[in-house]
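In: after the sequence you'll find the predicted model.
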2 protein chains.
Amino acid sequence: MTLDNVGTPCLVLDCNRMDRNVARLRERMNGLGATLRPHLKTAKSPDAARRVMTTAAGPATVSTLKEAEEFAAAGVTDITYAVGIAPDKLNRVLALRASGVDLAVTLDTVAQARAVAEASRTSGDAIPALIEIDCDGHRSGVLPGDRNRLLAIAEALEAGAKLRGVLTHAGDSYGARGAKALRACAEGERASVVEAAAILREAGHACPVVSVGSTPTAHFAENLDGVTEMRAGVFVFFDLVMAGIGVCQIDDIAISVLATVIGHQPEKGWILVDAGWMAMSRDRGTSKQAVDQGYGLVCDRDGTPLADLIMADANQEHGILALRPGSGATQPDLPIGTRLRILPNHACATGAQHDRYHVLQSGSRNIDAIWPRFGGW
Amino acid sequence: MTLDNVGTPCLVLDCNRMDRNVARLRERMNGLGATLRPHLKTAKSPDAARRVMTTAAGPATVSTLKEAEEFAAAGVTDITYAVGIAPDKLNRVLALRASGVDLAVTLDTVAQARAVAEASRTSGDAIPALIEIDCDGHRSGVLPGDRNRLLAIAEALEAGAKLRGVLTHAGDSYGARGAKALRACAEGERASVVEAAAILREAGHACPVVSVGSTPTAHFAENLDGVTEMRAGVFVFFDLVMAGIGVCQIDDIAISVLATVIGHQPEKGWILVDAGWMAMSRDRGTSKQAVDQGYGLVCDRDGTPLADLIMADANQEHGILALRPGSGATQPDLPIGTRLRILPNHACATGAQHDRYHVLQSGSRNIDAIWPRFGGW
């Protein structure tokens, strides 16, 4: 199977680029003295996970219990579930733990801590939990200096469960621009969990894990003093949003959607392809960046970007390609049947629209492997 | 299994609402004298399709060959593939036709017509094709009065294949507001294919099928003179975009995402749930409407909307619920573990994030059936 005869649209993965992206962050983390606990929500594939994790058993981060179950079935035994736990999911957590997986949960309320402690007492298995810290007002978490809430959660937890540590995610780093701002996000992320860990330790709670993670901060952190581990996800593939932030170059982006030209509206400058939002996702993450890439940046079949050609609009199974507004480029001649590769705004979102990766080497058209990809919860 | 114990997030389908939506459009089409050829891209489920189609064998419309193959395997034999055909997909078209499915393709260029005619000659099977007409500049298609192009395509087709008719989709109707504008969209859609069919017939080409279709125009067309069939898709479930246009009421919306409360940020007025954009999709189709519903409108577990509470933002597995900006409503008390149902902006996009429907009756919490849902191409 090759890029010339595989059915389109489909998801293509350049495994050399992926390996390079993984090596880059692994080396950085070795230099900064933090364990890399990759977030597998981006890849959702045991084949990809094996190349991303430090060992076949982990460590790893997941965003759903389905991911935990799938990766556990593939031999991963050290997993952090980094989304706040709903009490009625604890039976699945306990089942995974009973099967030998060291699965830790995340929470930021006393109510959750009580539920985790109660499930721990009932089962006789002290579930390890991380307290989520809000480092930048982005989403969930306890404010790092909120001593009362931190200690109340820790105390509620320790009535049966186990406080494993603190965890944060610098979600606002996705909106930061420039090295200086990104370094500040990384330092804010680091400082917040170090502060929270100090409060917990001072009160007598062991807090062995101090966990941070986002792809931008992972690549811009200057020191990780006091941090024990880094969770990052999208670094494995990168995407146009990350290129727009300045975390990677366009030619680091490892996934693309292979599409076929199915029509033209020459008077409008439109080229139609058989990949619409179903194949690209509805993610328009570059719409607020300096360079709006529409639904994706168009490359030729071999992965070379075509000057200023983007997917300007998308219907369910139609992509409308056009030159970027204001471009002086000449639209290339792309007859019916031409195959193209579209780089995505957001690797996690585009990946989720597909059930497999078509894996190839950089510069090759041969598809060497199919890696299944799972979804759901 | 009930709404209280099924794992969240998950997709819930109120089958009474669906049946009511289907009956409404079926009755309309009976009154207007057009065959209903429902677009199954919305449901992607043989169980749902059986309730939407007039007979178990069709007629039906699809947007991918995977849909054609799945529905054919479930007994549907009258299918129109309504996205422009890529020549290298013709082998799959021929295989389906050889298995007994009357599958028609869509095209708008001479290059495609030549490819279809050649595949027809080579296989000895005259593939039926519809010429796509551009009724509103929305996407693809031949301008209805472009006699030369219409006849060139028809002639190229008839060197082996078969001209079945003309087809259009009033995509711009999604941006129309008010009954008057929607009626005008419907009339423009109708007039465009009737004009194109007349040109083809005048030149001696049989043009038995004259096909229109979009959910807004299907519900606002006042007459369909000269039209033989109506394709519409999202009418089966409806969604917030359709409610915003005025095609349905909020309580016609048949699908929702069941979610669980996992946190609060009271000082910001945020409630966090375990359904983010992975469960809702990234579709923000109401963002340009009079009422922006964020990533979805929040209802209680039983489906009653909570005043002005929307999913204001979404991360991959986190939804951030908040009162609509400017609302004077009081935020309800929704403790950790509370279950909620979120109505989607766009049923096709939200459905695509899930692999099954949890089917219930209006007002009931019992899940009576699981209907599998497929994806891919």
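Out: That came in fine, so what should we check first?

In: so where do the strands sit in the stretch 1-150 of chain A?
Out: Using DSSP state E, counting those that start in this stretch, the strands found in the stretch 1-150 of chain A span residues A:10-14, A:35-36, A:60-62, A:78-84, A:102-107, A:128-133.

In: check contacts around the residue nearest to A:Ala117 when sequence neighbours are not counted.
Out: What sits nearest to A:Ala117 in space, not counting adjacent residues and going by C-beta to C-beta, 6 or more residues apart in numbering or on different chains, is A:Gly160, at 3.8 Å. All C-beta spots, glycine's among them, are computed from the backbone N, C-alpha and C. Listed by C-beta atoms under 8 Å, 6 or more residues apart in numbering or on different chains, the contact partners of A:Gly160 are A:Val116, A:Ala117, A:Glu118, A:Ser120, A:Arg121, A:Ala126.

In: change it to 7 Å
Out: Contacts for A:Gly160 (C-beta atoms under 7 Å, 6 or more residues apart in numbering or on different chains) come out as A:Ala117, A:Glu118, A:Ser120, A:Arg121, A:Ala126.

In: what about the closest residue to A:Val76 other than its chain neighbours, distance to A:Ile255?
Out: Leaving aside its chain neighbours, A:Val76 sits nearest to A:Gly58 (4.8 Å; criterion: C-beta to C-beta, 6+ apart). Applying C-beta to C-beta, to the nearest Å, the value for A:Gly58 to A:Ile255 is 23 Å.

In: which one's more surrounded, these two?
Out: More crowded of A:Gly58 and A:Ile255, by other C-beta atoms under 10 Å in any protein chain shown: A:Ile255, with 25 against 22.

In: so what sits opposite the more buried one in the bridge?
Out: A:Leu13 (DSSP bridges).

In: got a pLDDT number for it?
Out: For A:Ile255, the model assigns a pLDDT of 98.

In: isn't it right up against A:Cys15?
Out: No. A:Ile255 lies out of contact with A:Cys15 (C-beta atoms under 7 Å); the separation is 10.4 Å.

In: overlap of the contact sets of the two?
Out: Contacts common to A:Ile255 and A:Cys15, judged by C-beta under 7 Å, 6+ apart, are absent.

In: pLDDT score for the nearest residue to A:Pro38 once chain neighbours are set aside?
Out: Excluding its sequence neighbours, the residue lying closest to A:Pro38 (C-beta to C-beta, 6+ apart) is A:Val52, at 4.7 Å. pLDDT for A:Val52: 97.

In: quick one: which of the contacts of A:Gly160 is most hemmed in?
Out: Neighbour counts for these, by other C-beta under 10 Å, peak at A:Ser120, which reaches 23 neighbours.

In: from A:Ala126, how far off is that one?
Out: As for A:Ser120, its distance to A:Ala126 is 5 Å (criterion: C-beta to C-beta).

In: cool, and A:Gly294?
Out: From A:Gly294 over to A:Ala126 (counting by C-beta to C-beta), the distance is 50 Å.

In: what does A:Arg231 give?
Out: From A:Arg231 to A:Ala126 the distance is 23 Å (C-beta to C-beta).

In: cool, and A:Gln112?
Out: In terms of C-beta to C-beta, A:Gln112 sits 15 Å off from A:Ala126.

In: residues contacting the residue of the stretch 101-250 of chain A found nearest chain B?
Out: When scored by C-beta to the nearest C-beta, the stretch 101-250 of chain A has A:Ala111 as its residue closest to chain B, at 4.3 Å. Residues near A:Ala111 by C-beta under 7 Å, 6+ apart: B:Pro335, B:Ile336.

In: pull up the overlap in contacts between A:Ser120 and A:Ala126.
Out: Residues touching both A:Ser120 and A:Ala126 (C-beta under 7 Å, 6+ apart): A:Gly160, A:Ala161.

In: what residues does stretch A:267-275 touch?
Out: Residues from elsewhere that reach stretch A:267-275 (C-beta under 7 Å, 6+ apart): A:8-9, A:257, A:259-264, A:317-323, A:331, A:334, A:340, A:342, B:83-84, B:86, B:140.

In: could you pull out the helices in the stretch 51-200 of chain A for me?
Out: All helices of the stretch 51-200 of chain A, identified by DSSP state H, counting those that start in this stretch, fall at A:65-73, A:90-98, A:110-123, A:147-157, A:179-202.

In: correction: the previous question concerned the stretch 251-377 of chain A.
Out: Under DSSP H, counting those that start in this stretch, the stretch 251-377 of chain A gives helices at A:277-280, A:347-351.

In: which helices and strands does the first one pack with?
Out: In terms of contacts (3 or more C-beta pairs under 7 Å, 6 or more residues apart in numbering or on different chains; DSSP states H and E), helix A:277-280 is packed against strand A:305-314.

In: my guess is the residue nearest to A:Pro38 contacts A:His39, does it?
Out: No. A:Val52 is beyond contact range of A:His39, at 9.2 Å (criterion: C-beta under 7 Å).

In: pLDDT value on the residue nearest to A:Phe237 when sequence neighbours are not counted, please?
Out: Leaving aside its sequence neighbours, A:Phe237 sits nearest to A:Ala347 (C-beta to C-beta, 6+ apart; 4.0 Å). Listed pLDDT for A:Ala347 reads 98.

In: ok, A:Arg177 next?
Out: According to the prediction, A:Arg177 has pLDDT 89.

In: contacts only, for the spatially most central residue of chain A.
Out: Nearest residue to the geometric centre of chain A (C-alpha atoms, centre = their mean): A:Gly233, 3.1 Å. Taking C-beta under 7 Å, 6+ apart, we find A:Gly233 in contact with A:Pro38, A:His39, A:Lys41, A:Thr42, A:Thr215, A:Cys348.

In: and what of A:Leu224?
Out: Shown in contact with A:Leu224 (C-beta under 7 Å, 6+ apart): A:Leu32, A:Gly33, A:Ala34, A:Arg190.

In: same thing but 6 Å
Out: By C-beta atoms under 6 Å, 6 or more residues apart in numbering or on different chains, the contact set of A:Leu224 is A:Leu32, A:Ala34.

In: A:Arg149 contacts A:Gly141, doesn't it?
Out: No. With contact defined as C-beta atoms under 6 Å, A:Arg149 does not count as touching A:Gly141 (10.2 Å).

In: could I get the helices of the stretch 251-377 of chain A as TSV with distance to A:Val93?
Out: Below are these laid out as TSV (distance: least, C-beta to C-beta, whole Å):
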stretch	distance to A:Val93
helix A:277-280	33
helix A:347-351	23
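
In: out of the ones you listed, flag the one nearest A:Gly363.
Out: helix A:347-351 (20.6 Å; C-beta to C-beta).

In: can you list contacts of that closest one?
Out: With contact meaning C-beta under 6 Å, 6+ apart, helix A:347-351 is reached by A:Thr42, A:Val234, A:Phe237, A:Asp239, A:Ile255, A:Met280, A:Ser281, A:Asp283, A:Pro344, B:Arg282, B:Gln316.

In: any idea which of those has the most stuff around it?
Out: Counting neighbours by other C-beta under 10 Å, the top entry in the contacts of helix A:347-351 is A:Asp239, with 33 neighbours.

In: what's the distance between that residue and B:His318?
Out: According to C-beta to C-beta, A:Asp239 and B:His318 sit 19 Å apart.

In: tally up the residues packed near A:Arg50, please.
Out: Residues near A:Arg50, counting by other C-beta under 10 Å, number 15.

In: ditto for A:Gln112
Out: Neighbour tally, A:Gln112, other C-beta under 10 Å: 27.

In: contacts only, for it.
Out: Counting by C-beta under 6 Å, 6+ apart, A:Gln112 touches A:Ile85, B:Ile336.

In: on that earlier part again, which ones among the contacts of helix A:347-351 are found in strands?
Out: Residues from the contacts of helix A:347-351 lying in strands, with DSSP state E as the criterion: A:Ile255.

In: tell me which of the contacts of helix A:347-351 is nearest to B:Leu130?
Out: Within the contacts of helix A:347-351, the smallest distance to B:Leu130 is 25.9 Å, found for A:Met280 (C-beta to C-beta).
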